[in-house]
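A.B. asks: Fold the following.
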Amino acid sequence: MSVPVFIIYGARHSAYSYAYLSRMLASGLRPSCILSIDQSQKNQAASRSLMAHGMAQYPLVEAAWERSESLYCLLELAEKHGIPYLAVSDFLCPKLKMYLQQNVPDVVVATDGPIVKGAMLYAAKNGILSVHSAQLPTFRGNWTTYFNLYHNLPLVVSAFIMQPWVDEGVLLDFREVAVHEGMDLAQVNEAALNASIDLACDVLIKMAGDELMVRRQEPWEGEIFRGSSENGILQPAMPLTQQQELAARMRGKEYGFYTRIA
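C.D. replies: Numbers count the residues shown, from 1 in each chain. This is a model prediction of the structure:
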């Protein structure tokens, strides 16, 4: 199976990043390296050495790394599959910038982590692939899976190329999320996660065959939902009363686009 050369980025102890990478590997998609937000100074130092030498030192000795017993750890998953692991505190690391300039991937796949800004957005030939867990351009921003359901519209996940503006990049593909009667919001979130990962895998395969039908988003399309910040912590974009109303409607099987089981 021919796929673009890609890097996947996430956060070291993110269950979402771990599930993303695990599903990709199970699908036969293997990144050239894993870029991880990892606050271990020991792991960052080991990674700077790898990047400075263009991975010539890979694999480093076991003692070079600070291990973790976490259930979801990208470092452990990377080692298990023999994939180079690069730990950074953020995406502004000079060694990372140099490494990516010398080893330009076709695409970077985003899973979890801080908002990407600046040069990192353009570090890959085709940019950063992200999957948004709602319809684009209709619902941009945070908590949009819930807003998609709240507005009683078919739930889909949307693959796009990141831009500096909120969820406004070029659209690449979509996938419908199966929502069955009796599902609660946690189950819908899990279904959206699984659909997002499957869509990312499909997009990578389609990129290799030049099969994508891209669509430009316009800034005036849709609506942006933002949560307020309190003491540096992002608050839910959907008010609690609306969350409760949506949960009650789901319990009452009042959503209009349930997936029928044949």
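A.B. asks: same for whichever strand or helix holds L199, what does it pack against?
C.D. replies: If you go by DSSP states H and E, L199 is part of helix 185-208. Of the remaining helices and strands, those touching helix 185-208 by 3 or more C-beta pairs under 8 Å, 6 or more residues apart in numbering; DSSP states H and E are helix 15-26, strand 107-110, strand 128-132, helix 144-150, strand 156-161, strand 171-176, helix 240-251. C-betas here are computed from N, CA, C, even on glycine.
A.B. asks: Now do the same contact list for the nearest residue to V131 once chain neighbours are set aside.
C.D. replies: Using C-beta to C-beta, 6 or more residues apart in numbering and skipping the chain neighbours, the partner closest in space to V131 is S196 (4.1 Å). By C-beta atoms under 8 Å, 6 or more residues apart in numbering, the residues touching S196 are 131, 133, 157, 175.
A.B. asks: which one of the helices and strands packed on helix 185-208 lies closest to A46?
C.D. replies: Each of these has some distance to A46 by C-beta to C-beta; the shortest is helix 15-26, at 19.2 Å.
A.B. asks: I'd like to check the angle between the helix or strand just after the closest one and helix 15-26, please.
C.D. replies: Counting by DSSP H and E, the next helix or strand C-terminal to helix 15-26 is strand 33-37. Put simply, strand 33-37 runs at 180 degrees to helix 15-26, going by axes from the mean of the first three to the mean of the last three C-alpha atoms, to 10 degrees.
A.B. asks: Could you name the helices and strands sitting against the helix or strand just after strand 33-37?
C.D. replies: Using DSSP H and E, the next helix or strand after strand 33-37 towards the C-terminus is helix 41-52. Where contact means 3+ C-beta pairs under 8 Å, 6+ apart, helix 41-52 is packed against strand 85-88, helix 94-102.
A.B. asks: hang on, the earlier thing: what's the farthest-apart pair in the contacts of S196?
C.D. replies: Greatest spatial distance in the contacts of S196: S133 and R175, 10.5 Å, computed using C-beta to C-beta.
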